[in-house]
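Chemist: show me how the following folds:
(2 chains)
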Amino acid sequence: MAGWAEHIRVIGRLVFIVLRDRTGRVQLVVRKNISPESWKLARKLSVESVIAAKGVLKENPEAPGGREVVVSELEVLSPAEPLPIDVREPEKTILAKRLDYRYLDLRNDKIRLIFQIEAEVAEVFRQVLRSKGFTEIFTPKILGAASEGGAEVFTVIYFKREAFLAQSPQLYKQLGVISGLERVFEIGPVFRAEPHHTPRHLTEYTSMDYEMGFISDFNQVMDVAEAFLKKATETVVSKYGDLIEKFYPNALLEPVKEIPRMTLEEVHEILRREYGKEYPPGEDLDTEGERLLGEYLEKEHGYHAVFITRYPWGPRPFYTMPCTCVESPGEECCTNLKPDTPTCSFDLIFRGLEMTTGGQRQHDYKCLLKQVENKGISPESLSWYIDMFKYGAPPHGGAGTGLERVVKQILGLKNIREARLLPRDPERLTP
RNA sequence: GCCGUGGUAGUAUAGCCUGGCUUAGUAUGCGGGCCUGUCAAGCCCGUGACCCGGGUUCAAAUCCCGGCCACGGCGCCA
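Modeler: You can find the predicted model right below:
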């Protein structure tokens, strides 16, 4: 057998080694009287060296787990130098240093668990979407024009031209719907040049996106997001509940059952009533508001998540469907959009943090043009996109979810960097 | 981007406010020694640090300025 030497204890002419690999652990015991050569190597072995051993597995009540391998032959495949971080107890080392040595940080079960769960969450997303007839697509991440505004986009050199990294697959998802695939989804990286120093932002993260055609109501978009979060928490809790409970005291230990849907106005009312927090009509929640709302719903009603609907036009992107166009379609519905005009869009707050944004999209060519102008964007820069709506575009909507945020909220992690294998932030570009 | 707090051995911290009383303390790691049943083994010995640059001062880990980095708050966002 082979693996990493996790613990080494030298007791005179006897050495205990806890050997670890992907599948688990076993104690090796190296006795001088059985194999003097192995004993010599073992007593000078360093923690986290990779070793291979031959021996006999024996039942022994004195061994941890009741069994151990009595070693007859030991080989050091790759010795380890003294470790720069404490692998045994990650919280003893500051996160930044652990990230510098992520490959050692991950030697700890507790840390690896985060990424096993992340894989599970992504897998559930894929399963849920496929089961509903969505096709997985893979869209470009190098773009000729910034898709949703300028300030937060990364510029790259593309041969002799300037190009941009995708902030979202939004426009391409819609292309997928209009192309006839009708229902599409993507799990992929997105890039945001936002110089934030917060525990919930990354400059590169994994976005789980979907877009669906022929909707009659944007509640159908929420139904999909709800099905995903229920299934994701259900799967993670049933598969990893025991480990999560052992390692993460602030984790969610039960599946999300019901997700209420309330309008922004209703949320304002709750926050005013319960916490005396006043918002101007149509104003998005601030960080504190999101947190307080999460606390209130959890404590009073046992809800872990909530949809906030009917966000006003002001803070929403140009492609958002105004409620006016759903309630009374026609030429007029998009002519006089004001910042406080409600839209058929929503946010999903999970344990007090925004994890998903979505809604219905404008599919009427004329209205789309008006909305682009309303936001002060030049239609020429988006001509390929706008032209799509000239040739038959069904009513549609979709949403995008930050994978790392979901994992952060399930496990109750303090910093989103913990939930990203190799995080990128305004300072960090390595490893 | 703005604001705040911080940066001391491999790791985590004390000392800083009130400059000298420090040979910079403690835990752990690491190196050596003892030990045939360890379970984060124990005991003994040893090892190792004031982020970078400038300034104030007889004297700077300690006070001031700049830089870099880290953490947090805000705005913003997934």
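Chemist: C-alpha from now on. contacts and neighbour counts both.
Modeler: Fine.
Chemist: now A:Ala80: how far from RNA strand B?
Modeler: Remark: distance between A:Ala80 and RNA strand B (Cα to the nearest atom of the strand, to the nearest Å) = 9 Å.
Chemist: wasn't that residue part of a helix?
Modeler: No: A:Ala80 is assigned coil when assessed by DSSP: H, G, I helix; E, B strand; the rest coil, not a helix.
Chemist: that one is in contact with A:Glu6, isn't it?
Modeler: No: counting by Cα atoms under 8 Å, no contact exists between A:Ala80 and A:Glu6, whose distance comes to 11.1 Å.
Chemist: where do the contact lists of those two overlap?
Modeler: A:Val47, A:Glu48 (Cα atoms under 8 Å, 6 or more residues apart in numbering).
Chemist: between those two, point out the one with more neighbours.
Modeler: In terms of neighbours (other Cα atoms under 10 Å), A:Glu6 is the more surrounded of A:Ala80 and A:Glu6; the figures are 21 against 15.
Chemist: wait, a strand at the more buried one?
Modeler: Yes: assessed with three-state DSSP, A:Glu6 lies in a strand.
Chemist: got the contact list for it?
Modeler: A:Ile17, A:Val18, A:Leu19, A:Arg20, A:Val47, A:Glu48.
Chemist: hmm, 7 Å instead?
Modeler: A:Val18, A:Leu19, A:Arg20, A:Val47, A:Glu48 (Cα atoms under 7 Å, 6 or more residues apart in numbering).
Chemist: and A:Val15, what element?
Modeler: Assigned by DSSP states H and E, A:Val15 belongs to strand A:14-21.
Chemist: parallel or antiparallel, which strands does that strand pair with?
Modeler: As defined by DSSP bridges, the strand partners of strand A:14-21 come to strand A:2-11 (antiparallel), strand A:24-31 (antiparallel).
Chemist: want to try CSV for the ones you listed, with distance to RNA strand B and mean pLDDT as columns?
Modeler: As requested, those are exported to CSV (distance: least, Cα to the nearest atom of the strand, whole Å; pLDDT from 0 to 100):
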stretch, distance to RNA strand B, mean pLDDT
strand A:2-11, 4, 95
strand A:24-31, 6, 94
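Chemist: just those: most buried one?
Modeler: Ranked by mean neighbour count, the strands paired with strand A:14-21 are led by strand A:24-31 with a mean of 20 (mean count of other Cα atoms under 10 Å).
Chemist: so how far is the next helix or strand after that strand from its chain's centroid?
Modeler: Next along the chain after strand A:24-31, taking DSSP H and E as the criterion, comes helix A:36-43. Centroid separation for helix A:36-43 versus its chain: 46 Å, with Cα atoms, centre = their mean, to the nearest Å.
Chemist: let me know the closest of the contacts of A:Glu6 to RNA strand B.
Modeler: A:Val47 (5.7 Å; Cα to the nearest atom of the strand).
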